[in-house]
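> Build the 3D model from these lines:
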Amino acid sequence: MHDKLAFLFLTYDTLEQPAIWQTFFGEGKGRYSIYHHPKSGKSATAMLAPYVIAKHTLTEYGRVSLVRAMLYLLEAALADESNRLFVFVSGACIPTCRFPVFYEALMSRGRSRVTRGPDHMNRYPTVDRSVIPRAHYYKTSQWVVLTRPHAQICLAGPLEAYANSIVPDEHYFVTTLSMAGIDFAKEVDEREIVYAEWAKIQGRTRPRTHSRIPLAMVSKIRAEKRLTARKFDSSPAVYRDWFDLTSVMTLDVVSM
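Next comes the predicted model:
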């Protein structure tokens, strides 16, 4: 039995580019597992419907319910001992390379992908400071990759300390690992896995939504060695462009 990558889909309901994911997973037989937490509790995408997990929580943007849903995904995925790495993805996310490249890039390292940033320290007063030391409070992307031991640590973390926290999904995982004394230099690759282009949208800083994968974006994804990218809508052009993207995202490009 192969070690597997567990793909943890946290979505509104729909997977925007199912054809890309079907093509991607078609090259990874026996090397992946899928788990899905849709916002409504019911998947609107046939491909993900068989993988909806039993536990569900109503999620709200920027609130602890998002972390709770992610922990439900981890809990379900940890039940399979062959899952070695746990990859969080959204419904508007796509892989940037073919499955064999993606698998080897992560499995050959065998490390979590979590960054530590000092950004948004103004959010610290919204956590339970008697539980979360300021010295361990960091920011990272919500879309992390965790090893099995790190996933177990996060599953047992102090979720209640974030009950009134602002955007806890960007803090919970990295802070929990830091509090557990994880040696980031030895156990974590401090590189983001996901590519996104940020802009002010309706007064908030959010990732842009794209209907194509232009050459300029391909160049940036390649230069930054990102294994996933977001956000993309359901445009058929994205699927066509994806083949051009994956043709240049080879193992020698994405490897550390």
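
> Please look at R84 and R109 and confirm they touch.
No. The criterion here is C-beta atoms under 8 Å, and R84 misses it with R109 at 11.4 Å. Backbone N, C-alpha and C define where each C-beta goes, glycine included.

> Give me the buried positions along the one helix or strand in the chain whose mean pLDDT sits lowest.
Taking mean pLDDT, DSSP states H and E as the measure, strand 198-201 is the helix or strand of the chain with the lowest mean score, a mean of 81. Neighbour-count burial for strand 198-201, counted by 16 or more other C-beta atoms under 10 Å, picks out no residue.

> Just want the phi and psi numbers for the residue sitting furthest away from the middle of the chain.
For the chain, the largest distance from the centre (C-alpha atoms, centre = their mean) belongs to S130, which lies 28.6 Å off. Dihedral pair for S130: phi -80, psi -20, per degrees, to the nearest 10.

> Against E170, how distant is it?
Using C-beta to C-beta, to the nearest Å, S130 is found at 21 Å from E170.

> do Q202 as well
Distance of Q202 to E170, given as C-beta to C-beta: 19 Å.

> now do A76
Taken as C-beta to C-beta, the span from A76 to E170 is 22 Å.

> Name all residues that make contact with I153.
Each residue near I153 by C-beta atoms under 8 Å, 6 or more residues apart in numbering is listed here: T176, L177, A180, I182.

> Keep only those of the residues you listed that are in helices.
T176, L177 (DSSP state H).

> ok, and the most crowded of the contacts of I153?
Highest neighbour count within the contacts of I153: L177, with 25 neighbours (other C-beta atoms under 10 Å).

> That one touches D183, doesn't it?
No. The criterion here is C-beta under 8 Å, and L177 misses it with D183 at 10.0 Å.

> So which bits of whichever strand or helix holds L245 are buried?
Taking DSSP states H and E as the definition, L245 sits inside helix 236-248. Across helix 236-248, burial judged by 16+ other C-beta under 10 Å covers V238, Y239, D241, W242, L245, T246.

> Now do the strands in the stretch 101-250 of the chain.
112-113, 145-147, 188-189, 194-195, 198-201, 204-207, 228-230 (DSSP state E, counting those that start in this stretch).
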